Structure formats: structure tokens, C-alpha cells
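Q: sequence below, structure please.
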Amino acid sequence: MEKEKKIWFDGKFVPWEKAQIHVLTHTLHYGLGVFEGIRCYHCTDGRSAVFRLPEHVERLFSSAHAMEIKIPFSQAEIQEACCQTLKVNGMKEGYIRPLVFIGDGVMGVHPKDNPIRVSIIAWKWGAYLGDEGLKKGIRVKVSSYTRHHVNVMMTKTKTCGNYVNSILAKKEVTRDGYDEAIMLDTAGYVSEASGENIFLIKKGAIKTPPLTSILPGITRDSVLIIAGDLGIEVVEERFTRDELYLADEAFFSGTAAEITPIREVDNRQVGKGRPGPITKKIQADFFKAVKGEKDRYRSWLTYI
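A: Numbering: from 1, shown residues only. Have a look, this model is predicted:
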């Protein structure tokens, strides 16, 4: 990771190297904390804009609420801090990571009155699954690790500890030469990837898992809107791994992954083994939207 100059930490900017915590930080030991992933794009007109910033910050607060964490700042303050972090670092585009965590104090599972701390970090980050992946599609494998059950972890939240599950799945499949993992839910249906939502296309219609055990992705929501505007039928329902094998097209969506086509699942070619026409339409309109080239989606952008 390329270091930037400043990190927003508990309401003020500190040098990157000085943004440090104690080893007794509660979240470090027990995983109770929440975060977001947000992107800022350098738009075609030369300005910079954060993609769906209010929705991301709202989800951060929703995650914190579900995990019984009281964020000591308002949503408006966090939105402004995200923009200021980019400005202070002179960044025209980049990835923004707000992180809310429980500081040091008492130990043991119950954090009691330990302080709630907030940091916002921004760094330069290209295509998460690779530029070639965006163009040609990636190879994925169904992991042996199951997505969390809804009554085991809060699956609608971006909780730090939830991602141990994702890390294990990602390590498992990349060790075998794949690019990303697909995770099934506890009933055996396709849920999501280690950090992305998933879509398949069959006979001109898009299918994606419903909001049961999956994270309600903001890029996922953008895809649903774009597809509707393109007149493409979208169905939100569960599907099996063999439906994925038999799909004409498939792709992932996510802040980091953006719109990444899937060309192969479990050594089975998806469709023609390359990004299909509907995937390419969705991907093209998404990138036009984030670059400020589509007036229809201008409200998604917060210019800085």
C-alpha cells in the first residue's frame, strides 16, 4: 500500500505514521468493530467525486447500531471527514476506509465503557481483482467455508470479525490458483463472494441472491438500478451452484471489485468464457456513472 500524508483520527488529522493504537485495543482482540469501503473517482470533467457517499456512511451507522456501538460523530461529520481526508492528501481518486473500533480499557468479552474510536484512511487502489479481470473475467471457486448464518453473525453489517470467514475462503481458493471465492449459505444456495455480491444472467435476465444472508451492497443496488434503466429483467431469488455453472454470464459487484466478470466457476466455463453482452452493458454504464458521464446518476456523486 502506498502511504498518504494524513489520516483522520478521532476528529483530527495526524501523520500517517502517528495513527497508532495500543495492543490492548479491544477490537484487536475480539473483532467487534465496523467499517466501510468507499471509492472516489477522477471524473471525465476533471473534478473528483465520491461514489454514493451518503449511502455508505448510512450503512456504517447501521452496522454500528446493529452491533450496539455508538459512533461519537454525526453522519454529516463523517461524510465531511471523508472528503477532507482526500483533500488533505491531495488525492484526485482513491479508496476510503472509515473504521469504527473499540479502544483499550477493560479486557474480557464485554467492552463496557471502553472508548469508541473512529479513523478514516484513504489510499490509492486500482482494480481489486485486477485490470485483466475487469476486461476478460476471472476464475472462481466455491469455497468449503460457508457464509455466516443470520443468527450467528449480523450478516447485514460490515463487522470486522465477520471477515475472518472471508479471509479463510479467499486463502483457500487463491492457494489453488483461483482469483476469488464463492460462498454458499447454510442452506446450500449461492450467497456471495469473500467481499462481493454475485449476479448470473440466463436467457437475457439477471438473477441475484435476495437480502437474506448477504451484505446489502451499495454497488449491488446500483447494478439493480442500472439494469432496470436498461430494460433488463432482474430477479432477486436464491439459486444453486449448478445454476451458476449453467449461466450464460456471471459477474461480481462491489466497491473494491466494481463490476468484475466471471469467466469460470469450479473449472467450468461460464457461457463463452468471456464477458458477455449484458455484463459489458452493466459495466460500461457503471463506469460512466462513477465518472460523471451519465446525468441520470449524477445524484450518486459527491463532488469534492
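Q: close enough to count as contact, residue 195 and residue 258?
A: No: with contact defined as CB atoms under 8 Å, residue 195 does not count as touching residue 258 (12.0 Å). In short, each C-beta sits where N, CA and C put it, glycine included.
Q: list the residues that contact both of those two?
A: Taking CB atoms under 8 Å, 6 or more residues apart in numbering as the criterion, residue 195 and residue 258 both touch residue 128.
Q: grab the nearest non-local neighbour of residue 138.
A: residue 179 (3.9 Å; CB to CB, 6 or more residues apart in numbering).
Q: so the one you found versus residue 243, what's the distance?
A: 21 Å (CB to CB, to the nearest Å).
Q: so what's the residue count around the residue nearest to residue 138?
A: 22 (other CB atoms under 10 Å).
Q: from residue 171, how far out is it?
A: Residue 179 is 13 Å from residue 171, by CB to CB.
Q: one more: residue 7?
A: 28 Å.
Q: look at those two and report which has more neighbours.
A: In this view residue 7 and residue 171 are compared by other CB under 10 Å, and residue 7 has more residues nearby, 24 against 14.
Q: okay, and the beta partners of the more buried one?
A: Beta bridges link residue 7 to residue 14, judged by DSSP bridges.
Q: strands along the stretch 1-150 of the chain, start to end?
A: 6-9, 12-15, 33-35, 38-42, 48-51, 94-102, 116-123, 138-142 (DSSP state E, counting those that start in this stretch).
Q: grab the nearest non-local neighbour of residue 232.
A: residue 206 (5.9 Å).
Q: cool, residue 208 as well?
A: residue 199 (4.7 Å).
Q: so where is the stretch 151-300 of the chain shaky, pLDDT-wise?
A: For the stretch 151-300 of the chain, applying pLDDT under 70 flags no range at all.
Q: equivalent analysis for the stretch 1-150 of the chain, please.
A: Within the stretch 1-150 of the chain, not a single segment meets pLDDT under 70.
Q: mind doing that once more with 80?
A: The model of the stretch 1-150 of the chain has pLDDT under 80 over residues 1-2, 127-130.
Q: now stretch 51-61: buried residues?
A: Residues of stretch 51-61 classed as buried: 51-53, 55-61 (neighbour count, 16 or more other CB atoms under 10 Å).
Q: repeat for stretch 11-29
A: Within stretch 11-29, the residues that count as buried by 16+ other CB under 10 Å are 13, 25-28.
Q: which residues touch it?
A: Counting by CB under 8 Å, 6+ apart, 3-7, 9, 32-33, 73, 81, 84-85, 88, 101-107, 111, 114, 117-119, 121, 160 sit against stretch 11-29.
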